[in-house]
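Undergrad: structure for this input, please:
(one chain, ligands or ions: 1)
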Amino acid sequence: MGYTRADWSAHFSEGRDFRQLGDDEKRLIAEHAPPPAGGRALDACCGTGELAAFLATLGYTVDATDFAEGALARARAERSTVEGVRWLCLDVEEDDPADLHEDGYDVVTLRMAVAFVRDRCRVLRGLGARLRENGTLIVITPVVERTPEERRHIALDEDELVLLTEGFEEAVRFDAAGMAVLVLRKPGGSFASLEKGRPGPQAVAGAAAVVTDPSGRVLLGRSVRNMWEVPGGRIETGESAQAAAVREPAKETGLAAREEDAHVLAVLHDDRADVRRITVVVRITAWEGLLGLPEPHRFLPLGMARSAHPGHPGGLLRAHRPDVARGMAGSAARAGACPLLPVRRRRASGGRRARPDRTAAHADGGVRRPGRLGPLPAGPGRAA
Ligand SMILES: C[S@@+](CC[C@H](N)C(=O)[O-])C[C@H]1O[C@@H](n2cnc3c(N)ncnc32)[C@H](O)[C@@H]1O
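TA: Residues are numbered from 1 along each chain as shown. All right, here's what the predicted structure looks like:
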């Protein structure tokens, strides 16, 4: 069946029902929400009213609400001898609750219905707000682990159950023949969430630095694994992506850049074997120093490679790190961070213009070596 209001109504009108209220549920309700003198109860999404009738037998005056007229028609007919229950047609998510009792309720129940509610936390906060002082909200729901695969949609998982308790200072969970019974009190508690303990390692985070020279050529190195790579590496604990993106090129190439000249272009996600990789692509818009090879055990030649599309480093990247190139293409064209904008090169310390290191295999000469790269467009032969 579907779950529109009409579907629910048809379901009940056809004489069909759901799981009956069990003895464990009755015992827990009586124990944790005994009626005070003049006690008033609200049973939201009441269906044909079995729980509302039980609350009445405990001594409560009850408002029972549902949005399915087919359910309410049966409730009125089948529970006509039960005293002290008002049957109200109300959509718990949409309708104006003006008909509900202004003085609030000592107990509010929501049984086997929360899984069908779209905005659960908002609805629960709304119901919680109707509790009188020392009032109790009781949510009864099937749980995923005790529900057959084909009926999982009527159940909540553990995370969803925890979310329901947010906003209540007191929350206790019980089991009633495989259903979760949440007893919630003191609404209006803090919604701030606290991280509990250390999260299990799940992914590695890295920074990929896109460094270009004034003519738009991209800095690439060929690793000892015979891959053409932009400089980059892991983001250390407590380090920003921008900091990692200036630290790694300094280590791998000798070029120095400042964090304020590092701009995040895109965040990429891929899987390498069973490890998820999150790569922050960072555009370096100014740098200084000499292009060297401080890590010869990791890289063969380093060089500025000309893009297949002059002035657009993304062209070359598309060939070698399609994921990085896609990230650049989709990035915001912020001033100073757009891949198409020319890069500033700082004066080397001492006021001298930085020059490329002739000892490193640089420029197109280095890039055009035989390898998996294939032919590259000819460049001027040295970094500008
Ligand atoms: C599985 S039945 C449970 C009925 C009853 N609480 C019980 O325990 O037998 C779910 C009930 O929630 C009602 N319902 C679902 N969404 C609703 C909504 N947004 N507003 C009011 N009632 C809703 C349905 O009409 C249906 O009666």
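Undergrad: end-to-end on stretch 66-84?
TA: Chord length of stretch 66-84, first to last residue, is 17 Å (CA to CA, to the nearest Å).
Undergrad: and it, how far out from the chain's middle?
TA: 41 Å (CA atoms, centre = their mean, to the nearest Å).
Undergrad: same question for stretch 10-29.
TA: For stretch 10-29, the distance to the chain centre is 35 Å (CA atoms, centre = their mean).
Undergrad: what about it, average pLDDT?
TA: Per-region confidence: stretch 10-29 scores 96 on mean pLDDT.
Undergrad: and this structure, which residues reach the ligand?
TA: By CB under 6 Å from any ligand atom, the part of the chain that sits against the ligand consists of 8, 18, 45-47, 50-51, 66-68, 71, 91-93, 111-113, 116. Every C-beta, even on glycine, is put in place using the N, C-alpha and C of the backbone.
Undergrad: and if we set it to 8 Å?
TA: Neighbours of the ligand within the chain, by CB under 8 Å from any ligand atom: 3, 5, 8-9, 11-12, 17-21, 43-51, 65-68, 71, 90-95, 109-113, 116-117, 140, 154.
Undergrad: residue 185: neighbour count?
TA: Using other CB atoms under 10 Å, the number of residues around residue 185 comes to 18.
Undergrad: actually residue 274, not the one I wrote
TA: Using other CB under 10 Å, residue 274 has 5 other residues around it.
Undergrad: in the protein, where's the longest helix?
TA: What stands out as the longest helix in the chain, according to DSSP state H, is helix 241-253.
Undergrad: now what about it, what contacts it?
TA: Outside of helix 241-253, the residues within contact range by CB atoms under 8 Å, 6 or more residues apart in numbering are 205-209, 211, 219, 221, 231-236, 239, 255-259, 261-264, 280, 282, 284, 287, 289, 291-295, 298-299, 302.
Undergrad: got the confidence number for the residue of the chain most remote from its centre?
TA: Farthest-out residue of the chain from its mean C-alpha position, per CA atoms, centre = their mean: residue 81, at 49.9 Å. Predicted confidence (pLDDT) for residue 81: 97.
Undergrad: tell me if I am right that residue 233 is in a strand.
TA: Yes - according to DSSP: H, G, I helix; E, B strand; the rest coil, residue 233 belongs to a strand.
Undergrad: I figured it hits residue 207, correct?
TA: Yes - at 7.0 Å, residue 233 counts as touching residue 207 under the criterion of CB atoms under 8 Å.
Undergrad: now do the phi/psi pair for the closest residue to the ligand within the chain.
TA: Among all residues of the chain, residue 47 sits closest to the ligand, at 2.7 Å; criterion: CB to the nearest ligand atom. Backbone geometry at residue 47, expressed as degrees, to the nearest 10, gives phi 60, psi -130.
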